[in-house]
Each structure stands twice: as C-alpha cells, then as structure tokens.
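Visitor: Give me the fold of what follows.
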Amino acid sequence: MSQFRNLLHHHVHRSAAGKATTFWAGLGAIRREAFESCGGFDAELHPHAMEDVELGMRLSDAGARIVLDPALRGKHLIDLLLLDEVHEALDHEFRAVVAERAEAIRARGGIVVAAGHDHATLASLCERAVRLADGAVVADGAFGDVVDGYAPRRV
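Guide: Got it, this is the predicted structure:
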C-alpha cells in the first residue's frame, strides 16, 4: 500500500499544479517555523517512508498553504560510490582508479560504501565499519574496532 501511495503522490505532484492538501518531499521546501510547529517528520508513525505525506496532511489541517509547481525541477546532488567485493576481479591498474575515485569522493564530503572480505582494501576505503550477521547489525564503529572483533563463521 505505501508503494502505491508514494507512486500516486509522485504522479499527482508531477502532473498537477496549484493548491494541494499533501506534501511530498521528493523536492519540496517548507519554512522552518511551519515544520517545527507541526512537529516535523514522524518516522515512527510511518516506518515505510510516508512521513513526508503525513506531514503534509498535518500542515494542511493546520491551515498551511501547499502549492505544487510542476515547472520546478531539482537534482539530488549526493556524491555516493557503492562498491561490492571491490577488488576481487580488478587488475592492479583499475584498483588504483577505484581508490583514487573513492578518495576524491570522500575529500568532497561524499559517501563511499564498500562491502567485502578483504580487510586491507576496505580499511583503505573506509573509516567506519558496520558488521552484519543474519541481516542484523552486530557491530558499528571505527573500522579497526569492528574488524578486530570479527571472526568469520565456517559453514
């Protein structure tokens, strides 16, 4: 149901113009005073990414004016690099390219997420580590601290 509601709101906000009764934060602006007076996002009430829509309903109920302008466009400027088993199949030259790219992204304040088992490579790319077991976070912190406590499971 929440996926349907998100798609519906996306469609409405892309194809409609003028007054609205909901708010979708894919690209939205709200005055801080209005945001704070309505209590902000309530992610616990709507754990499936509907907190922005619910906020819009509260804003509308409080008499706020919500206006859609499909002519406005935006771009998410997140600088993100996702690496999975980053060096397993790469030659030495391309490993250097990946390392340079990761360092450039980090230097700009971007995010590098790397998954793998080669601790030396991961340590060169990441300052922080998150260790998972059976889909749950079991350790989260400085790379050395998390990895030092890691003992691989034999299957």
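
Visitor: Can you get me a residue count around L83?
Guide: 18 (other C-beta atoms under 10 Å). For the C-beta atoms, the positions are set from N, CA and C on the backbone; glycine is no exception.

Visitor: What confidence value was assigned to it?
Guide: Per-residue confidence (pLDDT) for L83: 83.

Visitor: Repeat that for D140.
Guide: 90.

Visitor: Excluding chain neighbours, give the residue nearest to it in space.
Guide: Once flanking residues are discounted, D140 sits nearest to V130: 4.8 Å by C-beta to C-beta, 6 or more residues apart in numbering.

Visitor: That neighbour and F143 touch, don't they?
Guide: No. Proximity of V130 to F143 does not meet the contact threshold set by C-beta atoms under 8 Å, at 10.0 Å.

Visitor: For these two, indicate the residue with more neighbours.
Guide: The residue with more neighbours, out of V130 and F143, is F143; 17 against 14, by other C-beta under 10 Å.

Visitor: tell me the contacts of the more buried one?
Guide: By C-beta atoms under 8 Å, 6 or more residues apart in numbering, the contact list for F143 reads 122-123, 126-129.

Visitor: On the three-state scheme, the closest residue in space to it that isn't next to it in sequence is what?
Guide: Leaving aside its sequence neighbours, F143 sits nearest to A129 (C-beta to C-beta, 6+ apart; 4.5 Å). Judged by DSSP: H, G, I helix; E, B strand; the rest coil, the three-state class of A129 is strand.

Visitor: so who does A129 touch?
Guide: Per C-beta under 8 Å, 6+ apart, neighbours of A129: 122, 139-143, 145-147.

Visitor: Please flag which of these sit within strands.
Guide: The strands, defined by DSSP state E, take in 139-142 from the contacts of A129.

Visitor: Show me what counts as buried in the strand or helix carrying L59.
Guide: Under the criterion of DSSP states H and E, L59 resides in helix 51-61. For helix 51-61, the neighbour count (16 or more other C-beta atoms under 10 Å) marks 51-56, 58-60 as buried.

Visitor: Same question for stretch 117-135.
Guide: 121-122, 124-126, 129.

Visitor: Verify the stated contact: H117 with R131.
Guide: No. H117 lies out of contact with R131 (C-beta under 8 Å); the separation is 11.6 Å.
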